[in-house]
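Chemist: Predicted model and sequence below, questions to follow.
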Amino acid sequence: MAGTPSSATNRRIYKFSKLDNFSFNFFSLQSFIVTSFLFYLELTYVAWGSIPIFLLFLYFSNSKKYSFSQKAIAASLLLIIYFTFSFALYGKTFNFIVLLYIIPIVLLIIIRYHKLMFNLILLIITTVSTTIYFDFFGFDYGNKIYYEKNIYNIFFYFIVIMILIYLIVLLTARTNLVKYIIEDLKTKNNELEESRIELRKLQINKESFFAIMSHEIRTPLNAIKGISDILKNNIQSEEDQNLLELMDYSSNHLLALVNNILDFTKLNDGVFSLQYSEFNLGKSLNSLFKMNERLALEKGLKFEIQTSTDIPHYVYGDKNRINQIVLNLLNNAIEYTKIGTVKMLVTGNYNSDIKKEFLLQITISDTGKGIDKELGEKLFQKYATSNTSKNSVGLGLTISKGLIDLMNGSISFDSEPNEGTTFHITIPLPIVENNSTNSDNVDNNFKDTAIKILLVDDNKINLLVLEKQLKNKLKNSQLTTANNGLEALNLIKEHQYDIVLMDVIMPIMDGKTATKHVRNLTDDSKKNIPIIALTANVGEKELTECLNAGMTDFVTKPFEVNALLKIISKNYKPEEQHNHSVLS
């Protein structure tokens, strides 16, 4: 309630701003005409007294330095002095001053500020009372010479006293107004601070909820994908292979949904950040196509991919987010196409303005039911979906648009109802000319290496799956397991390892704390051991905390085993660790 009067006043000021400007422009013109007319009538003293009025109005009409109330009060004071001066000088009232100046200004003040009327009326009453006082003591207003000789000083003192009284009244009113404004601002600041604190609490709770949800979903997903990877190497039956592909598709689809929900929240909050790395562009897009191929064929659709031979092998970008965008569009195309074709065309061209940059162009088209014009206008808005009967939260296209914008790319579509839809994506990607970390090189490098790896995870299923995956890929590796950070720390103190794969959230001692203890060891060969975080938390804050704790690198769950091997290969420095061991 405290803020209501000030807000209402602000609205009135805005509403009457044009009236203020017009009024003082009009008064300027009017005072110029009146002054000229008074000189013409040879009313010299009144004419000269009118000149300051004209100059004041002229100044106010072109000045934005003062508020309307300040202008109105200053003009009122000068006009009352002018009125009193004219009355005392000639012994008669000049009503044109009242009619042309005082009454219009009073009306403006009444319209704008009711409370200022009290001060104005007080000044008028005081002025009239003073003139009556002069008249009572027999001053001859008609005798100009007598007045100038005998009353000038008294009149001068009167004006000074009136100005002082006015200034005191104005200062008091100003002080009260300032106090009111300060109190009002304090109240609003307190309310704003309380709202900010509540909003921050909600934001923290929301971030915590999504982080926990992501962790709890990604952890079992990691085991599912790992088991699928292990079984692929051992199953010969085509039927079983098909079932594994379906399991892979379902787990990837679930992961995509989780990513969409988390990314939607981060994009809305403006805290999303991309994670760049080198990757094989063609291989990545082909794997997405293969992932969806069986589902499309089961619906009886013709599913095609056409890749230009001009695209570079390796590029630098956020592989997971590009995959997420393409996966969202492919899922939509398959879902809303009952008969016909779903096709993905991968082309692009090299940017002539920026060397070593490739403009990736992906076109995904279908022969589905299409998108009507009304929905097309809001297709990339929140929760938009072309069929409300479908089991969809409608986040895919919104997320895709947000991610593409972050990559400085573009997305558009062409569609006709019942004829199909075509989406066009353009994303600029830096080219990687020399890449030595592809999965084939990783397998060759580690095939005969007797690398010693410590696996740390409190989830026994994930630990078992990871151990089997690494044994399949790294035949001569020596693997040791620990269930928490404290066990890992004790093992590192007692034994020598080449790499530590460390989960982050664990009981007794978490991964970040264990890493800090390792970095404080006196043995250089142990304190400098590469520690790779295996985390189900994908937020930039969490990943930064891992690196700040001393972890060398990180892999987010669920992960492909080849992606993990790339990270291990990048951080495995047997010569350096051997030198540390010899020196110590």
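Modeler: Now that the structure is in, tell me what you want to look at. Only a predicted model underlies this, so the values are computations on that prediction, with no experimental measurement involved.
Chemist: Then Leu397 would be within a helix, right?
Modeler: Yes - according to DSSP: H, G, I helix; E, B strand; the rest coil, Leu397 belongs to a helix.
Chemist: Show the contacting residues for it.
Modeler: For Leu397, the contacting residues are 328-329, 332, 379-380, 384, taking C-beta atoms under 8 Å, 6 or more residues apart in numbering as the criterion. Just so you know, the C-beta spots here come from the backbone N, C-alpha and C atoms, and that holds for glycine as well.
Chemist: Tell me which entries of these lie within helices.
Modeler: 328-329, 332 (DSSP state H).
Chemist: re the thing from before, out of the contacts of Leu397, give me the two with the largest separation.
Modeler: Within the contacts of Leu397, two members stand farthest from each other by C-beta to C-beta: Leu329 and Ala384, at 14.1 Å.
Chemist: coming back round to it: adding neighbour count, distance to Pro558 and pLDDT, write the contacts of Leu397 out as a markdown table.
Modeler: Below are the contacts of Leu397 laid out as a markdown table (neighbours: other C-beta atoms under 10 Å; distance: C-beta to C-beta, whole Å; pLDDT from 0 to 100):
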| residue | neighbour count | distance to Pro558 | pLDDT |
| --- | --- | --- | --- |
| Asn328 | 22 | 18 | 86 |
| Leu329 | 25 | 22 | 90 |
| Asn332 | 22 | 23 | 87 |
| Leu379 | 19 | 30 | 73 |
| Phe380 | 17 | 28 | 72 |
| Ala384 | 18 | 29 | 49 |
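Chemist: Roughly how far does the nearest residue to Lys557 once chain neighbours are set aside sit from Leu56?
Modeler: Here the nearest residue to Lys557 in space, its sequence neighbours aside, is Asn222; by C-beta to C-beta, 6 or more residues apart in numbering that works out to 4.0 Å. In this structure, Asn222 and Leu56 are 80 Å apart, going by C-beta to C-beta, to the nearest Å.
Chemist: More neighbours: which of those two?
Modeler: Asn222 (24 against 19; other C-beta atoms under 10 Å).
Chemist: so where is the stretch 451-584 of the chain shaky, pLDDT-wise?
Modeler: 538-539, 574-584 (pLDDT under 70).
Chemist: how about the helices in it?
Modeler: When secondary structure is read from DSSP state H, counting those that start in this stretch, the stretch 451-584 of the chain shows helices at 460-473, 485-494, 511-519, 524-527, 540-548, 561-571, 574-583.
Chemist: can you tell me which of those comes nearest to Ala75?
Modeler: Checking the helices of the stretch 451-584 of the chain against Ala75 by C-beta to C-beta gives helix 540-548 as the closest, at 60.2 Å.
Chemist: Now the closest one: buried residues?
Modeler: 542-543, 545-546 (16 or more other C-beta atoms under 10 Å).
Chemist: pLDDT below threshold where in the stretch 301-450 of the chain?
Modeler: Low-confidence segments of the stretch 301-450 of the chain, defined by pLDDT under 70, are located at 374, 376-377, 381-395, 434-448.
Chemist: is it true that the residue nearest to Lys557 touches Pro558?
Modeler: Yes - A contact is recorded between Asn222 and Pro558 when judged using C-beta atoms under 8 Å, the distance being 3.9 Å.
Chemist: Quick one: work out the angle between the longest helix anywhere in the chain and helix 460-473.
Modeler: In the chain, ranked by residue count with DSSP H as the criterion, the top helix is helix 152-232. For helix 152-232 against helix 460-473, the angle between stretch directions is 60 degrees (axes from the mean of the first three to the mean of the last three C-alpha atoms, to 10 degrees).
Chemist: and helix 152-232, how far out from the chain's middle?
Modeler: Taking C-alpha atoms, centre = their mean, to the nearest Å, the mean C-alpha location of helix 152-232 is offset from the chain mean by 17 Å.
Chemist: show me what contacts the closest residue to Thr307 other than its chain neighbours?
Modeler: Taking C-beta to C-beta, 6+ apart, and ignoring the residues beside it in sequence, Thr307 has Val346 as its nearest neighbour in space, at 4.4 Å. Applying C-beta under 8 Å, 6+ apart, we find Val346 in contact with 282, 285, 305-308, 311, 360-362.
Chemist: wait, which of those is closest to Asn528?
Modeler: Once C-beta to C-beta is applied, the member of the contacts of Val346 that ends up nearest Asn528 is Gly282, at 37.3 Å.
Chemist: helices or strands up against the helix or strand hosting the closest one?
Modeler: Using DSSP states H and E, Gly282 falls within helix 281-298. For helix 281-298, the helices and strands in contact under the criterion 3 or more C-beta pairs under 8 Å, 6 or more residues apart in numbering; DSSP states H and E are helix 238-269, strand 302-307, helix 319-335, strand 341-350.
Chemist: Out of those, which one sits most buried?
Modeler: The highest mean neighbour count among the helices and strands packed on helix 281-298, using mean count of other C-beta atoms under 10 Å, belongs to helix 319-335: a mean of 22.
Chemist: Which neighbouring elements make contact with it?
Modeler: Contacts defined by 3+ C-beta pairs under 8 Å, 6+ apart place helix 319-335 against helix 238-269, helix 281-298, strand 341-350, strand 357-366, helix 396-406, strand 420-430.
Chemist: Need the ones you listed in CSV (columns: distance to Ser228).
Modeler: Conversion of the helices and strands packed on helix 319-335 to CSV gives the following (distance: least, C-beta to C-beta, whole Å):
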stretch, distance to Ser228
helix 238-269, 5
helix 281-298, 12
strand 341-350, 24
strand 357-366, 26
helix 396-406, 24
strand 420-430, 29
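Chemist: quick one, which of the ones you listed is nearest to Val178?
Modeler: With C-beta to C-beta as the measure, helix 238-269 is the member of the helices and strands packed on helix 319-335 nearest Val178 (38.8 Å).
Chemist: Can you spell out which residues form a bridge with the closest residue in space to Pro430 that isn't next to it in sequence?
Modeler: Setting aside the residues directly before and after it, Pro430 is nearest to Tyr316 in space (C-beta to C-beta, 6+ apart), at 4.3 Å. According to DSSP bridges, Glu278 are recorded as the beta-bridge partners of Tyr316.
Chemist: Tyr316: how many residues sit nearby?
Modeler: Applying other C-beta under 10 Å, we find 17 other residues in the vicinity of Tyr316.
Chemist: For it, give its distance to Ser50.
Modeler: When C-beta to C-beta is applied, the distance between Tyr316 and Ser50 equals 79 Å.
Chemist: Check His424 too.
Modeler: As judged by C-beta to C-beta, His424 and Ser50 stand 74 Å apart.
Chemist: which of these two has more neighbours?
Modeler: Ser50 (24 against 15).
Chemist: quick one, what contacts the more buried one?
Modeler: For Ser50, the contacting residues are 31, 34-35, 38, 82, taking C-beta under 8 Å, 6+ apart as the criterion.
Chemist: ok, the buried residues of helix 540-548 vs Val465, which is closest?
Modeler: For these, the residue nearest Val465 by C-beta to C-beta is Cys546; the value is 21.6 Å.
Chemist: and the nearest residue to the closest one once chain neighbours are set aside, what are its bridge partners?
Modeler: Across the structure, with C-beta to C-beta, 6+ apart as the measure, the residue nearest Cys546 apart from its sequence neighbours is Ala533 (4.4 Å). Here Ala533 sits in beta bridges with Met502, Phe554, as judged by DSSP bridges.
Chemist: cool, and Gln306?
Modeler: In this entry, Gln306 is beta-bridged to Leu345, by DSSP bridges.
Chemist: you'd agree it is up against Leu345?
Modeler: Yes - between Gln306 and Leu345 a contact is recorded at 5.0 Å, counting by C-beta under 8 Å.
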